[in-house]
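>>> got a predicted structure plus its sequence, pasted below:
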Amino acid sequence: MNERPAVRSLMDAAPYSISEDESVLMAWEVMERSEQCQLPVVRGDGCCAGLLDRAELAVICAAAATTLSRRRVRDLVHGRRTVTVHPEESALRAATVMTEEHLDALPVTDQHGRLVGLLTARDYVASVAGPRGHTEPVGRVPARATLPGLPPHRAARGHGIVIP
């Protein structure tokens, strides 16, 4: 019997994420230093508020730095529909959602909407490519306490890391 992998086996269980209360300038800095193409946005309760894309953020960051330091991440994701998947769902279901919604990444949330990981198209392709694809063991949280040059994080959670 050919079992389909679950999202849990493909996702990054500890992506960098950012609080919706942070500035757009900080979001850009975190995205640049983490080298992620998508940055999950979380509310104070850990629930996923949305997802920022590198290209979208680059366009917004064309404004003056003083403007960006006052503008909050919340302003970018407020009112958007955020599509998520659960860790138990099949990878095929996640790929279908990503295709239908024209997305390169999906936040992975628990039954309460809290961020537990991030599934990217790259993760999916790597899993199909074979053993060299996804090298990090499932369940192991990478050691990502903070990014160089940024203030220490406010809350490190087992299901993701909020910077700062």
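Arrived safely, thanks for sending. Numbers count the residues shown, from 1 in each chain.

>>> how distant is whichever strand or helix holds M98 from the center of its chain?
Assigned by DSSP states H and E, M98 falls within helix 91-101. For helix 91-101, the distance from its own C-alpha centre to the chain's C-alpha centre is 16 Å (Cα atoms, centre = their mean, to the nearest Å).

>>> in that helix, which residues are buried?
By neighbour count on 16 or more other Cβ atoms under 10 Å, the buried set for helix 91-101 is A91, A94, A95, V97, M98. Any C-beta I mention is one placed from the backbone N, CA and C, and that applies to glycine too.

>>> residues making contact with stretch 27-44?
15-21, 48-54, 57-58, 61, 68, 73-74, 76-77, 104-105, 107, 115, 118, 120, 147-150, 160, 162-163 (Cβ atoms under 8 Å, 6 or more residues apart in numbering).

>>> the closest residue to C61 other than its chain neighbours - how many residues pack around it?
Once flanking residues are discounted, C61 sits nearest to W28: 4.9 Å by Cβ to Cβ, 6 or more residues apart in numbering. For W28, the count of nearby residues is 20 (other Cβ atoms under 10 Å).

>>> is W28 part of a helix or strand, or is it coil?
Classification of W28 using DSSP: H, G, I helix; E, B strand; the rest coil returns helix.
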